[in-house]
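Participant: take a look and give me a structure for this.
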Amino acid sequence: MDNLDDKVAVVTGAGSGIGRGMAEAFVAAGMRVVLADIEEAALGATAAELRDAGADVHPVVTDVSVPGDVAGLAESALRAYGAVHVLCNNAGVFAGSKPSWESTLDDWAWVLGVNLMGVVHGIRAFLPVMIEQGEQAHIVNTASIAGLIAGGSVYGASKTAVVALSETVQFELVDGGYRPRVSVLCPGLVDTGIYMSERNRPARYPRVGPRPSGWSIDAARQAFQQGLDPRGVGDLVVEAIREERFYVLTGTGYLEHIRHRAEQIVEQENPTMPPMVAN
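Facilitator: Next comes the predicted model:
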């Protein structure tokens, strides 16, 4: 998709973080953008700021873990703009890094419901429309570097599944001769508020028990503030869409770990955790 001018993008998790960075990059490329987020105040503030800067945006409050919400998002986008050319299944949450067996079933249901099923719901609601349009179109699924290296507990499991799903959908589109293409975004540390995901945790998924020992909001904030700027990630996504590039990484710091994991699989070795690295 070399020409993005006047095309329509839908971005979930657009109220802040990477989603907002994508929206800003799309607006700069001349696109109209449907902004979706579960956090109504942040969504409204982002929409107002983008409109004040001259952007054509359409905000829709959406819980991507609810299929009816995502179907409603698709209907709203089509009513507003008549077509969808780019879909970014970006909304994501993080429930901490405690051992997997200590995570409750509600932890699993919430994280998988947003991080994985949110992508599934987006694909089901939008991809048939994008195919039917008969135009170039692109889906960007936000995974994580945690989807490409060992570890990550509940979050890592959800993001690994997003990588596998994205690869499958890309194969299916190419083999079927359909025009839409797929990218999977696997960022390292980005300056977002995902460490505060609990603020948007629905009551139907109650959190039980104390936070893991040693966990600190202040420490998490300091760590994430050292991450990449979300707008820079958005610019990388625009490049990937133009180039029809499938894997989108935000840096080279993890490449040796990805290679090492692949070699361990080929050699049937026991997995080892990689050390912490820079983006």
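
Participant: tell me which helix or strand of this protein sits lowest on mean pLDDT?
Facilitator: Ranked by mean pLDDT, DSSP states H and E, the helix or strand of the chain with the weakest confidence is helix 217-224, at a mean of 69.

Participant: what's the next helix or strand after it packed up against?
Facilitator: Remark: after helix 217-224, the chain's next helix or strand is helix 230-243, criterion DSSP states H and E. Based on contacts counted as 3 or more Cβ pairs under 8 Å, 6 or more residues apart in numbering; DSSP states H and E, the elements that helix 230-243 packs against are helix 17-28, strand 138-142, strand 181-186, strand 247-249. The way it works is simple: take the backbone N, C-alpha and C, and place the C-beta from them, glycine included.

Participant: where do the helices sit along the chain?
Facilitator: For the chain, applying DSSP state H gives helices covering 17-28, 40-52, 67-81, 105-115, 117-133, 153-176, 217-224, 230-243, 255-266.

Participant: need the winner for burial among those helices.
Facilitator: helix 17-28 (a mean of 25; mean count of other Cβ atoms under 10 Å).

Participant: so where's the stretch 101-250 of the chain uncertain?
Facilitator: 209-220 (pLDDT under 70).

Participant: one more time with 90, if that's ok
Facilitator: 150-152, 189, 191, 193-198, 207-228 (pLDDT under 90).

Participant: and residue 22, what pLDDT?
Facilitator: On pLDDT, residue 22 comes in at 98.

Participant: can you report how many residues lie near residue 225?
Facilitator: Residue 225 has 10 neighbours, counted by other Cβ atoms under 10 Å.

Participant: related to what we said a few turns ago, tabulate the helices and strands packed on helix 230-243 (TSV), appending distance to residue 208.
Facilitator: Shown next, in TSV, are the helices and strands packed on helix 230-243 (distance: least, Cβ to Cβ, whole Å):
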stretch	distance to residue 208
helix 17-28	26
strand 138-142	27
strand 181-186	31
strand 247-249	35
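
Participant: among these, which comes closest to residue 195?
Facilitator: Closest to residue 195 of the helices and strands packed on helix 230-243 is helix 17-28 (Cβ to Cβ; 10.7 Å).

Participant: now do the closest one against helix 40-52, angle only.
Facilitator: Angle, helix 17-28 to helix 40-52, by axes from the mean of the first three to the mean of the last three Cα atoms, to 10 degrees: 20 degrees.

Participant: which neighbouring elements make contact with helix 17-28?
Facilitator: Judged by 3+ Cβ pairs under 8 Å, 6+ apart, helix 17-28 is in contact with strand 8-12, strand 32-37, helix 40-52, strand 86-89, helix 230-243.

Participant: need these in CSV with distance to residue 120, can you?
Facilitator: Listed next are these as CSV, based on distance: least, Cβ to Cβ, whole Å:
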stretch, distance to residue 120
strand 8-12, 12
strand 32-37, 15
helix 40-52, 22
strand 86-89, 9
helix 230-243, 20
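
Participant: do you know which of those lies nearest residue 254?
Facilitator: Per Cβ to Cβ, nearest to residue 254 of the helices and strands packed on helix 17-28: helix 230-243, 14.8 Å.
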